[in-house]
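Colleague: sequence and predicted structure are below.
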Amino acid sequence: MEGSEQDRGGGLASFLMGVGIGAATAAIAALLYAPKRGSETRREIGEEVHELRRRAERVAEQVRGTARDVTARLKQDLDAAAAAAREAAAAREAQLEQKVRGE
């Protein structure tokens with residue numbers, strides 16, 4: 001189940017990145033085909049690039065946050081699994097010691 005949570009987090013980030021890139025590409029294409037002066041078009045393209053950069057930074061921060069969350073959950077799960085393995089090994093060791101002693 002946790003794998004699916006991780007997949008959703010990565011899928012969301014990829015989706016958001018795709019939406020941002022698609023929107024910026026469409027906006028730039030629209031600006032290039034609009035009947036405007038070159039300086040005005042360049043200014044608008046610069047603004048769109050700046051907005052795309054801001055969106056990319058937001059998505060990157062979301063991805064970093066998701067990665068931190070997933071890493072923390074994974075560490076907890078691994079710590080719990082290691083503790084359970086130690087307990088099981090200790091219990092099995094006690095059983096074997098009893099068998100050896102003939103108890």
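Modeller: Sure, I can see it.

Colleague: which stretches of the chain form strands?
Modeller: Shown for the chain, no strands are assigned by DSSP state E.

Colleague: which helix in it runs the most residues?
Modeller: helix 38-101 (DSSP state H).

Colleague: helices or strands up against that helix?
Modeller: helix 2-33 (3 or more C-beta pairs under 8 Å, 6 or more residues apart in numbering; DSSP states H and E). (Each C-beta comes from the backbone N, C-alpha and C, glycine too.)

Colleague: okay, buried residues for the helix it packs on please.
Modeller: For helix 2-33, the neighbour count (16 or more other C-beta atoms under 10 Å) marks 9, 13, 16-17, 20, 24, 27-28, 31 as buried.

Colleague: and for stretch 66-74?
Modeller: Neighbour-count burial for stretch 66-74 [16+ other C-beta under 10 Å]: Thr66.

Colleague: cool, stretch 86-103 as well?
Modeller: Buried residues in stretch 86-103 (16+ other C-beta under 10 Å): none.

Colleague: pretty sure Phe44 contacts Leu31?
Modeller: Let me fix one detail, which is that residue 44 is Glu and not Phe. Yes. Using C-beta atoms under 8 Å, Glu44 makes contact with Leu31 at a distance of 4.9 Å.

Colleague: what sits in contact with each of these two?
Modeller: By C-beta atoms under 8 Å, 6 or more residues apart in numbering, Glu44 and Leu31 have no common neighbours.
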